[in-house]
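> no FASTA, just this:
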């Protein structure tokens, strides 16, 4: 079996904003771009979720950084959940960009990493040349997000479930089983993380399926044995407390946003932005990004026929879109 290290280049470690981040990177043979590209993973991923993108983007002339974000993998992370707010996580990425010797970067994010992408231009505008998100709509609300989710999807919604110690305990009991639960693709029995395939209260309470018999889970495991071993090794070592803290920091994120835009008027982003939506993602459904033009001045949208794990389910399609857009703009 392939060892965990062989999935990615050996990381270097960067001290920034009070944490030490493990950063996997790929560089072009000859530097041809003025910006670097930072790939921000989601939950419960690692830098390895970008393993198919590192070399193609470097071959297109970009210096590419894929960190294990704070609290994940070989990076450090505070025990305090409030230390995972969007103010802290964007400051981490700003530090990585500076450490790599660039004034600015294109920040690419999937899932919760997409929140970093959208908020970097608001919190660290000097460090952002462009924004790309996979699946993630711009997250802004004048209402308490936890209350809003509960009203829209019921008290069993996954964001509320992620706040509980019981779920963390269940996840940490068998990390490999937990990862087989999350990393799934559609086989006709239901889309990724959903039995209905619709963006509805049942799909949004998907995390409760983890307690059920594995044979009843929809879809099939997406990752192979080597990839699963890489992830399971990491989460067996670190647990899921840090990753879950990203969700437990949502009230803190709301406070940051409220302080930044107290009147609710969010200025439009002026940097180039690309949204790659996933047609069969019931959790981050493409319809959720229909109002993006309210927040982004220059926006392009693409659609891939995948579930939630877009860049892992269709790496070739993802790479084609990323390389075309990046080389056209930078």
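That came through fine. The structure presented is a predicted model; accordingly, all values stated were derived computationally and were not measured. Residues are numbered from 1 along each chain as shown.
> How about stretch 312-330, which residues are buried there?
Neighbour counts over stretch 312-330 (16 or more other CB atoms under 10 Å) mark 312-314, 317-319, 321-323, 325-326, 329-330 as buried. Yep, even glycine has a C-beta here, placed from its N, CA and C like the rest.
> meant to ask about stretch 272-285, not that
Within stretch 272-285, the residues that count as buried by 16+ other CB under 10 Å are 272-278, 280-285.
> Let me have these in CSV, extended by pLDDT, distance to residue 160 and secondary structure.
Putting the buried residues of stretch 272-285 into CSV (pLDDT from 0 to 100; distance: CB to CB, whole Å; DSSP: H, G, I helix; E, B strand; the rest coil) gives the following:
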residue, pLDDT, distance to residue 160, secondary structure
272, 97, 35, coil
273, 97, 30, strand
274, 97, 31, strand
275, 96, 26, strand
276, 96, 28, strand
277, 93, 25, strand
278, 92, 23, strand
280, 87, 24, coil
281, 87, 20, coil
282, 79, 17, coil
283, 79, 14, coil
284, 78, 17, coil
285, 74, 19, coil
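> Of these, which is the nearest to residue 56?
When those are compared for distance to residue 56, the smallest value, 14.8 Å, is given by residue 276; criterion: CB to CB.
> give me every residue that touches that closest one.
With contacts taken as CB atoms under 8 Å, 6 or more residues apart in numbering, residue 276 has the following neighbours: 132-135, 301-304, 310, 318, 321.
> mind showing which ranges of the stretch 101-250 of the chain have poor pLDDT?
Confidence mapping of the stretch 101-250 of the chain against pLDDT under 70 gives the ranges 188-192.
> do that again at 80, thanks
139-142, 187-198 (pLDDT under 80).
> all helices in it, in order from the N-terminus.
Under the criterion DSSP state H, counting those that start in this stretch, the stretch 101-250 of the chain carries helices at the ranges 112-123, 145-153, 158-161, 165-173, 175-182, 201-204, 225-238, 241-248, 250-260.
> right, and these - which one's nearest residue 51?
Each of the helices of the stretch 101-250 of the chain was scored for nearness to residue 51 using CB to CB, and the closest is helix 225-238 (7.9 Å).
> Quick one: residues in contact with that closest one.
Outside helix 225-238, the residues that touch it by CB under 8 Å, 6+ apart are 1-2, 4, 6-7, 44-46, 48, 51, 68, 71-74, 172, 175-176, 178-180, 183, 221, 223.
> From the chain's centroid, how far away is it?
Chain-centre distance of helix 225-238: 18 Å, with CA atoms, centre = their mean, to the nearest Å.
> do the same with stretch 195-211
19 Å.
> Kindly check the end-to-end length of it for me.
Using CA to CA, to the nearest Å, the gap from the first to the last residue of stretch 195-211 comes to 15 Å.
> Name the residues of it that are buried.
Buried residues in stretch 195-211, defined by neighbour count with 16+ other CB under 10 Å: 195, 197, 199, 202-207, 209-210.
> And stretch 141-150, by the same measure?
Applying 16+ other CB under 10 Å to stretch 141-150 flags 145-146, 149 as buried.
> what about that stretch, how long is it end to end?
Criterion CA to CA; first-to-last residue distance in stretch 141-150 is 14 Å.
> do the same with stretch 147-159
Across stretch 147-159, the terminal residues are separated by 10 Å (CA to CA).
> I'd like the distance from that stretch to the chain centre, please.
Distance of stretch 147-159 from its chain centroid, counting by CA atoms, centre = their mean, is 21 Å.
> Residue 102 contacts residue 36, doesn't it?
Yes: with contacts counted by CB atoms under 8 Å, residue 102 reaches residue 36, the gap being 4.7 Å.
> Can you check which residues contact both of the two?
Residues within reach of residue 102 and of residue 36 at once, by CB under 8 Å, 6+ apart, are residue 63.
> In terms of neighbours, single out the busier of those two.
Just comparing residue 102 and residue 36: by other CB atoms under 10 Å the higher neighbour count belongs to residue 36, 25 against 19.
> Residue 39 should be in a strand, yeah?
Yes: according to DSSP: H, G, I helix; E, B strand; the rest coil, residue 39 belongs to a strand.
> Touching, it and residue 66? I think so.
Yes: at 4.3 Å, residue 39 counts as touching residue 66 under the criterion of CB under 8 Å.
> mind listing the strands for the stretch 1-150 of the chain?
Using DSSP state E, counting those that start in this stretch, the strands found in the stretch 1-150 of the chain span residues 12-16, 19-26, 36-40, 64-67, 105-110, 128-134.
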